[in-house]
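A.B. asks: Dropping the sequence and predicted coords here.
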Amino acid sequence: MVEYFTHDERLGISIPSFDWNWGQYPEHVQQTILYQWEKIRGKIPDRIAELEEFINMKQAQLSDEGNFIKSCELNSEISELASIINDLWLWYRTNQDISEKVHL
C-alpha cells in the first residue's frame, strides 16, 4: 500500500499520493486504499494530541522565559506546531466523506 501513500515528515502521518485519477483505479484497489486511509485517518486525533502536549510544554517554557530572543523562538515553534495541527484537521475533515464510502 506504500505506493498510494507518502509519509509526510512535517505532519507525522502518511498522506495519499496518487499517480492516476481516482476513477482510473479498479474498485478493489479503491477499497483497499480507502481502508488504509481510514486506518491512517484514525490516528490523526492522537497525532494532534501529541502536538498539543508539545505546545503546552513550550507555553510553560515561554511563561518562565525572560530572554526576548528565546521567547520569540518559542513563539515561532508554537506557531509552527499550531499550523501542523491545523493541516492535520484539514486532512481529517476533507477526507471524511471519502472515508465514509468504505462503510457503504
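C.D. replies: In hand now; what should we look at? It should be emphasised that the depicted structure is a prediction, and the values quoted were computed from it without experimental measurement.
A.B. asks: quick one, helices of the protein?
C.D. replies: Along the chain, the stretches classed as helices by DSSP state H are 27-64, 68-94, 96-100.
A.B. asks: Number of residues surrounding Glu3?
C.D. replies: If you count neighbours by other C-beta atoms under 10 Å, Glu3 ends up with 9. Bear in mind the C-beta positions are built from the backbone N, C-alpha and C, glycine included.
A.B. asks: repeat for Ser17
C.D. replies: Residues near Ser17, counting by other C-beta under 10 Å: 12.
A.B. asks: before we move on, back to that, nearest to Asp19, of the helices of the chain?
C.D. replies: Between Asp19 and the helices of the chain, the tightest spacing by C-beta to C-beta is seen for helix 27-64, at 11.7 Å.
A.B. asks: what residue is smack in the middle of the chain?
C.D. replies: In the chain, the residue lying closest to the centroid (C-alpha atoms, centre = their mean) is Leu88, at 3.3 Å.
A.B. asks: residue contacts, that residue?
C.D. replies: Leu11, Ile13, Ile44, Arg47, Ile48, Leu51 (C-beta atoms under 8 Å, 6 or more residues apart in numbering).
A.B. asks: Right, I'll leave it there.
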